[in-house]
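Asks: What follows is a predicted structure for the sequence shown.
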Amino acid sequence: DTEVTQTPKHLVMGMTNKKSLKCEQHMGHRAMYWYKQKAKKPPELMFVYSYEKLSINESVPSRFSPECPNSSLLNLHLHALQPEDSALYLCASSQEGRVGGNSPLHFGNGTRLTVT
Amino acid sequence: AQSVTQPDIHITVSEGASLELRCNYSYGATPYLFWYVQSPGQGLQLLLKYFSGDTLVQGIKGFEAEFKRSQSSFNLRKPSVHWSDAAEYFCAVGGSAGNQFYFGTGTSLTVIP
């Protein structure tokens, strides 16, 4: 069982919809991440929150809006998405607040998003 | 620049055979190295990690990896593959030289009976 929980598992939305992806971890980790993954590709980093503050935004379009309400929760708000945004969205956390150090990423099982 | 190369896009092995997945990295400081496995429709699961010390590290599910600094490699091995090992495998590097983890492009493993 994964210690990072993502909901929903699957989401289908139209291009005019607004929806949110949710992620939760109770391991006391200080950094949380959103990744986007296309089929047969590695995860691509989108956002990183370190100590509940946005520390990295990898030039993600504004139709994706992250939010970190507290140290255990991470949301990704979606609005006016395009069909090419269809992908597996993975949340991850790491114990260290500093990104890219020796603290491994712990991944959730992802949300499979389809934009119609 | 930081990068990870997995030369093999796809590997097919027979059940019970040995396995080696290759990973080469480029990193400007002491690397921290990881192997992840991803089954279809799932997230990435950490198999093992190397930070320092013994260059042969043991992981879960019977996997091991060897760090070779002179070759900038961190190859993953398993002596006897099981059908359930069929999955996508990603090598990743982190450390003090960058502000994120760098993933390889992945190796897809097929196991035939």
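Replies: Perfect, thanks for sending it.

Asks: In chain A, where is pLDDT below threshold?
Replies: A:1-2, A:100 (pLDDT under 70).

Asks: and residue 108, what does it touch?
Replies: Because you didn't say which chain, this covers chain A. Listed by CB atoms under 8 Å, 6 or more residues apart in numbering or on different chains, the contact partners of residue A:108 are A:2, A:4-6, A:23, A:90-92, B:43. In this view, the C-beta of every residue, glycine as well, is placed from N, C-alpha and C.

Asks: that's the wrong chain, I meant chain B
Replies: Applying CB under 8 Å, 6+ apart to residue B:108 gives the contacts A:40, B:9-11, B:87-89.

Asks: re earlier: can you redo the contacts of residue A:108 as JSON lines with secondary structure and distance to residue B:103?
Replies: Below are the contacts of residue A:108 laid out as JSON lines (DSSP: H, G, I helix; E, B strand; the rest coil; distance: CB to CB, whole Å):
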{"residue": "A:2", "secondary structure": "coil", "distance to residue B:103": "18"}
{"residue": "A:4", "secondary structure": "strand", "distance to residue B:103": "17"}
{"residue": "A:5", "secondary structure": "strand", "distance to residue B:103": "22"}
{"residue": "A:6", "secondary structure": "strand", "distance to residue B:103": "19"}
{"residue": "A:23", "secondary structure": "strand", "distance to residue B:103": "19"}
{"residue": "A:90", "secondary structure": "strand", "distance to residue B:103": "11"}
{"residue": "A:91", "secondary structure": "strand", "distance to residue B:103": "16"}
{"residue": "A:92", "secondary structure": "strand", "distance to residue B:103": "11"}
{"residue": "B:43", "secondary structure": "coil", "distance to residue B:103": "13"}
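
Asks: Give me the PyMOL select line for those residues, limited to the buried ones.
Replies: The PyMOL selection below is limited to those of the contacts of residue A:108 classed as buried (16 or more other CB atoms under 10 Å in any protein chain shown):
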select buried, (chain A and resi 2+4+6+23+90+91+92) or (chain B and resi 43)
